[in-house]
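> Sequence and computational prediction follow.
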Amino acid sequence: MRQATPRTDPRIVRTRRMLRDALVELLEEMDVGKISVNRLAERATINRVTFYLHYRDIPDMMEKMAAEMIEDIRAILQTPESGQSSARKEGWPLMVNLLEHIAEHFRFYKVILATRRTTIFTEQFLTFLTGMVIERIDSPEGEANLAAAGIQRDIAVWYGSSALIGTIISWLRNDMPYTPQYMVKQFMLMRRQPMEP
């Protein structure tokens, strides 16, 4: 997922990728509490000493992986639009880019977000999505819509971010039966439709 910068030693990038891939494989098989540094290093075909050159322990590795995941997502969302699907034209380009990125790295995201084996990634992702929702709500148009509908801002933020993460996780758990573009079109339709309890 993460691309090497010109200053990053390719061996470091390769080792971290091997460790990340090994962790994902192990998380497909067992709970995180059962994963030892020895088991992880063996799966990554490196030695324990090499692991400790990069991370203090497995929780440290997961924290750094979660931070890299958010960096990757931010970078994807800051790239210029490549195409003009109707969802992009109608103001949801960031969501299309986000879902395309998740689809491209399906195995990784399914394991870290949809398996319930680790929470750090879900928490970081929810924080990120909450920021996206706040940005949209705090726009002049968003504030006017909330005021006209009589919706409390903090409740709108909770609802919007929870609905997004819940839908993305369900999409992953169901092996992405819809394309990212179709998902975003559905988000747009639901947003326009008043939902009755």
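Cool, the structure landed. Numbers count the residues shown, from 1 in each chain.
> Sketch out the low-pLDDT regions of this structure for me.
Within the chain, the stretches with pLDDT under 70 are 1-7, 79-92, 117, 192-197.
> how does it look with 80?
Across the chain, the ranges flagged by pLDDT under 80 are 1-8, 79-93, 115-118, 191-197.
> The residue of it positioned farthest from its centre: what's it in contact with?
With distances taken as Cα atoms, centre = their mean, the residue sitting farthest from the centre of the chain turns out to be residue 148, at 31.9 Å. Residues in contact with residue 148 (Cβ atoms under 8 Å, 6 or more residues apart in numbering): none are found. Every C-beta, even on glycine, is put in place using the N, C-alpha and C of the backbone.
> Got the phi and psi for it?
Dihedral angles of residue 148 (phi, psi; degrees, to the nearest 10) stand at phi -60, psi -30.
> how far away is it from residue 137?
Counting by Cβ to Cβ, to the nearest Å, the gap from residue 148 to residue 137 is 13 Å.
> residue nearest the centroid of the chain?
Of all residues in the chain, the one closest to the mean position by Cα atoms, centre = their mean is residue 125, 5.1 Å from it.
> With only the CA atoms kept, save whichever strand or helix holds that one in PDB.
If you go by DSSP states H and E, residue 125 is part of helix 120-137. Written as PDB, here are the backbone C-alpha positions of helix 120-137 (Å, rounded to 0.1, in the frame of the first residue of the first chain):
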ATOM      1  CA  ILE A 120      -7.000   0.000  16.700                       C
ATOM      2  CA  PHE A 121      -7.500   0.200  12.900                       C
ATOM      3  CA  THR A 122     -11.300   0.600  13.200                       C
ATOM      4  CA  GLU A 123     -10.900   3.300  15.800                       C
ATOM      5  CA  GLN A 124      -8.400   5.200  13.700                       C
ATOM      6  CA  PHE A 125     -10.600   4.800  10.600                       C
ATOM      7  CA  LEU A 126     -13.700   6.000  12.500                       C
ATOM      8  CA  THR A 127     -11.700   9.100  13.700                       C
ATOM      9  CA  PHE A 128     -10.700   9.800  10.100                       C
ATOM     10  CA  LEU A 129     -14.300   9.400   8.800                       C
ATOM     11  CA  THR A 130     -15.600  11.600  11.600                       C
ATOM     12  CA  GLY A 131     -13.200  14.300  10.400                       C
ATOM     13  CA  MET A 132     -14.600  13.900   6.800                       C
ATOM     14  CA  VAL A 133     -18.200  14.200   8.100                       C
ATOM     15  CA  ILE A 134     -17.400  17.200  10.200                       C
ATOM     16  CA  GLU A 135     -15.800  18.900   7.200                       C
ATOM     17  CA  ARG A 136     -18.900  18.300   5.200                       C
ATOM     18  CA  ILE A 137     -21.300  19.400   8.000                       C
END
